[in-house]
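Engineer: Pasted the sequence and its predicted model underneath.
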Amino acid sequence: MSATSPSARGRMRSSRLSGIPTSLPEPGARGAGQLALGLPLPARTSRPLADVAHVHGWLTPAEQRALVEQFRDWARPPAGLRHPRVPTGHLMTVQSVCLGWHWQPYAYSRTADDTDGAPVKPLPGDLAALARRAVTDAGAARPFEPDAAIVNLYAPGARLGLHQDGEEPSTAPVVTISLGDTCVFRMAGVDRRTAPFTDVHLASGDLLVFGGRNRRIYHGVPKVLDGSGPDWLDLPPGRLSITVRETGLA
């Protein structure tokens, strides 16, 4: 079973080729040269664009470590971590695992149809509660009932091209939690993926929420700053993003 919104991407067929399953290194394997300081910084909010909130230092070190520990469970098969493949056959450089709904470019389903076909893992209640807190802390004045998460691991050299989150009928805000290495998060416009761009740096523990008039803004990650994350996180080298959304799918 799959469902999509009537976007241009949603009308594209999936690739005939499958994604590539991947696995994580054991805990304790991390790159050299990462920051060792584990002191939490006070959260502060900036608004780089209308209806976009960037909360710096939103999560404590303990909260970050708890999410990484959960990620290791989510990444295991069945319906585990994999390199998704777009309909043209191109293999994405990010590694991804889904919760609640399985996202295969460019459609949602309840099973991991591009790998082992297993039922998608449920969206954990504590992650849904964290996402609701995120929307509140970002100042969004609407109910938020998340039902899906796309969790992306950016190993060194990985990036994500500019795209819209356009497969969900819902107009609810999108919540992104950033862990590990700092990334450049780039935003273009709702009706364009070209310059001028607005770039923000998302560090470990930062929160980004976008909705309202910019719910379907083109966005991507052109660069991750290798070795910039904290060593106490025990995350494989790179960046982990947890994007939680309310799909509006039945």
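Structural biologist: Received the coordinates, thanks. Numbering: from 1, shown residues only.

Engineer: C-alpha only now, for contacts and for neighbours.
Structural biologist: Will do.

Engineer: low pLDDT regions in this protein?
Structural biologist: 1-16, 26, 28-42 (pLDDT under 70).

Engineer: just the helices in the protein please.
Structural biologist: In the chain, the helices defined using DSSP state H lie at 61-75, 125-137.

Engineer: among those, which is nearest residue 180?
Structural biologist: Judged by C-alpha to C-alpha, the one of these that comes nearest to residue 180 is helix 61-75, at 8.9 Å.

Engineer: Quick one: residues in contact with that closest one.
Structural biologist: Applying C-alpha atoms under 8 Å, 6 or more residues apart in numbering, the contact partners of helix 61-75 are 23-24, 38-40, 80-81, 97, 121, 179, 204-205, 232-235.

Engineer: Can I get the buried part of those residues as one PyMOL selection?
Structural biologist: The PyMOL command for the buried members of the contacts of helix 61-75 (criterion: 16 or more other C-alpha atoms under 10 Å) is given here:
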select buried, resi 80+81+97+121+179+204+205+232+233+234+235
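
Engineer: In strands, which of the contacts of helix 61-75 appear?
Structural biologist: 97, 179 (DSSP state E).

Engineer: now residue 220, nearest residue through space, not along the chain?
Structural biologist: Of all residues not flanking residue 220 in the chain, residue 162 sits nearest, at 4.3 Å (C-alpha to C-alpha, 6 or more residues apart in numbering).

Engineer: Count the residues that sit near the one you found.
Structural biologist: Residue 162: 18 surrounding residues under other C-alpha atoms under 10 Å.

Engineer: ok, now residue 109?
Structural biologist: Neighbours of residue 109 (other C-alpha under 10 Å): 18.

Engineer: Tally up the residues packed near the spatially closest residue to residue 248 that is not a sequence neighbour, please.
Structural biologist: Closest residue to residue 248 apart from its sequence neighbours, by C-alpha to C-alpha, 6+ apart: residue 170 at 4.6 Å. Neighbourhood size, residue 170 [other C-alpha under 10 Å]: 14.

Engineer: I'd assumed residue 215 was in contact with residue 170.
Structural biologist: No: between residue 170 and residue 215 no contact is recorded; they are 9.7 Å apart, counting by C-alpha atoms under 8 Å.

Engineer: and residue 248, what does it touch?
Structural biologist: 168, 169, 170.

Engineer: Next, work out how far apart it and residue 142 are.
Structural biologist: 15 Å (C-alpha to C-alpha, to the nearest Å).

Engineer: re the thing from before, distance to residue 46 and mean neighbour count for the helices of the chain - can I get that in a markdown table?
Structural biologist: Converted to a markdown table, the helices of the chain look like this (distance: least, C-alpha to C-alpha, whole Å; neighbours: other C-alpha atoms under 10 Å):
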| stretch | distance to residue 46 | mean neighbour count |
| --- | --- | --- |
| helix 61-75 | 21 | 16 |
| helix 125-137 | 12 | 17 |
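
Engineer: To residue 106, which of the ones you listed lies closest?
Structural biologist: That would be helix 61-75 among the helices of the chain, by C-alpha to C-alpha, at 20.7 Å.

Engineer: orientation of the closest one relative to helix 125-137 in degrees?
Structural biologist: For helix 61-75 against helix 125-137, the angle by axes from the mean of the first three to the mean of the last three C-alpha atoms, to 10 degrees is 130 degrees.

Engineer: Only C-alpha atoms, please: export helix 61-75 in CSV.
Structural biologist: Taking C-alpha atoms only, helix 61-75 is exported to CSV below (Å, rounded to 0.1, in the frame of the first residue of the first chain):
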residue,chain,number,x,y,z
PRO,A,61,24.0,15.9,25.6
ALA,A,62,22.0,13.2,27.5
GLU,A,63,19.1,13.6,25.1
GLN,A,64,21.4,13.4,22.1
ARG,A,65,23.0,10.3,23.3
ALA,A,66,19.6,8.7,24.0
LEU,A,67,18.6,9.4,20.4
VAL,A,68,21.8,7.9,19.0
GLU,A,69,21.3,4.8,21.1
GLN,A,70,17.8,4.4,19.7
PHE,A,71,19.0,5.0,16.2
ARG,A,72,21.3,1.9,16.5
ASP,A,73,18.1,-0.1,17.1
TRP,A,74,16.2,1.5,14.2
ALA,A,75,19.1,0.8,11.8
